[in-house]
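J.: Got a sequence here, can you build the structure:
(2 chains)
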Amino acid sequence: MSSTSQKHKEFVAEPMGEKPVTALAGIGEVLGGRLESNGFDKAYVVLGQFLVLKKEEELFRDWLKDTCGANSKQQKDCFSCLKEWCDSFL
Amino acid sequence: MSNLSSMSDQELTSLLDQYEIKHGPVVGSTRKLYEKKLLDIMSKEEKRGNVKKPSSDKTYYREEETETFFPHPAHHTAPIHYEDFSDGDNRYSNAQTKYSSVTSTKTSPLSGSPWKREEFGDSSRQLYSTEATCRNVSQSNPSPLTSSTASASRAAPARSGQEKAPQGTRYIPLWFQFLVFLMFAGFLYYIFTSMETPPKKHFEIKN
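T.: Take a look at the predicted model:
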């Protein structure tokens, strides 16, 4: 049984284009709002941060926690979502 | 040490290298994160009396002094893994295989009759027991070694006393966790047995 959500599958299936930050797995309305208030209004901006952090899990998760207060599960979902997207499209 | 926020990006980068912290470029969006990491490291060093040990994010467990040393990556990621056990569906299948042998021994002393309900009872009991086990493990010691210790102690309560002694202090004592687990299992057993009676009553009413 797959442990990835529907949101994850949808996100990694295609280039993200102009998708909002709430399209990321693990990022809902509340976290998305906090990210947007910090200037991360699109998924690709979060991707940029992910890449600048060298796709390191620990760094990205710490950053996500500091920026929008994501819990461990949300961090994990967002990280694996972006990582898989990068594996396919980057 | 001068104020981190007044330092240039290059200076921060050199500091990060000095403490052997994995990092990317220090840019606008990453600066705050790295400043925070450096602050953590530096405050830890001050507590240790400036012993320059570049162990970046290693959480220090007291058990390490007395027992075997766990590898660094496993040590740090173990809490995350065990937290995952409280979410998602995958862990049940994984944990079930691990604890199935233990829980099967557990069900026999607990229940005489519900061998009929074995399929239903066993799977859910396994789920609950694994949940309790994983909760217990995450609360006490996040390491694969103590999970096996916890499962072994569950199978043989007599031995748990011996195994408890060398492990030092815990945040929540093992006997308490064990007691809570027993109470919970007993509660579930009570529910299962109470579920047997209503159908009988139904048939009586219909007849």
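J.: Give the residue spans of chain A that score low on pLDDT.
T.: Applying pLDDT under 70 to chain A picks out residues A:1-2.
J.: Show me what from it comes close to chain B.
T.: Contacts of chain A with chain B, taken as Cβ under 8 Å from any Cβ of the partner chain, map to A:1, A:3, A:49, A:52-54, A:56, A:58-59, A:62-63, A:66, A:72-73, A:76. Yep, even glycine has a C-beta here, placed from its N, CA and C like the rest.
J.: and B:F192, how many neighbours does it have?
T.: 17 (other Cβ atoms under 10 Å in any protein chain shown).
J.: With A:L53 instead?
T.: If we define neighbours as other Cβ under 10 Å, then A:L53 has 25 of them.
J.: That one touches A:L64, doesn't it?
T.: No. The criterion here is Cβ atoms under 8 Å, and A:L53 misses it with A:L64 at 9.8 Å.
J.: residue contacts, the most centrally placed residue in chain A?
T.: Geometric centre of chain A, nearest residue: A:C78, 3.8 Å, by Cα atoms, centre = their mean. By Cβ atoms under 8 Å, 6 or more residues apart in numbering or on different chains, the contact set of A:C78 is A:L24, A:A25, A:G26, A:I27, A:V46, A:F60, A:L64, A:A70.
J.: helix or strand for it, which one?
T.: Per DSSP states H and E: A:C78 is located in helix A:72-89.
J.: Restrict that helix to CA atoms and write it as CSV.
T.: C-alpha atoms of helix A:72-89 as CSV (Å, rounded to 0.1, in the frame of the first residue of the first chain):
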residue,chain,number,x,y,z
SER,A,72,7.1,16.5,11.5
LYS,A,73,4.6,14.8,9.3
GLN,A,74,4.0,17.9,7.2
GLN,A,75,7.7,18.5,6.9
LYS,A,76,8.2,14.9,5.7
ASP,A,77,5.4,15.1,3.2
CYS,A,78,6.5,18.3,1.7
PHE,A,79,10.1,17.2,1.5
SER,A,80,9.4,13.9,-0.2
CYS,A,81,7.0,15.6,-2.5
LEU,A,82,9.6,18.1,-3.7
LYS,A,83,12.3,15.5,-3.8
GLU,A,84,10.3,13.2,-6.0
TRP,A,85,9.4,16.1,-8.2
CYS,A,86,13.0,17.0,-8.6
ASP,A,87,13.9,13.4,-9.4
SER,A,88,11.5,13.4,-12.2
PHE,A,89,11.8,16.9,-13.7
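J.: Of the residues of chain A next to chain B, just the buried ones, PyMOL syntax please.
T.: Selecting only the buried entries of the residues of chain A next to chain B in PyMOL, with 16 or more other Cβ atoms under 10 Å in any protein chain shown as the criterion:
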select buried, chain A and resi 49+52+53+58+59+62+63+76
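J.: right, is stretch B:23-43 up against chain A?
T.: Yes. Judged by Cβ under 8 Å from any Cβ, stretch B:23-43 and chain A are in contact via B:H23, B:G24, B:P25, B:V27, B:S29, B:T30, B:K32, B:L33, B:K36, B:K37.
J.: ranges for the helices of chain A?
T.: Under the criterion DSSP state H, helices of chain A are mapped to A:6-12, A:29-37, A:43-52, A:57-68, A:72-89.
J.: Out of those helices, flag the one nearest B:Y189.
T.: helix A:72-89 (31.5 Å; Cβ to Cβ).
J.: buried stuff in the strand or helix carrying B:L38?
T.: Using DSSP H and E, B:L38 falls within helix B:28-47. Within helix B:28-47, the residues scored as buried using 16+ other Cβ under 10 Å are B:S29, B:T30, B:R31, B:L33, B:Y34, B:E35, B:K37, B:L38, B:I41, B:K44, B:E45.
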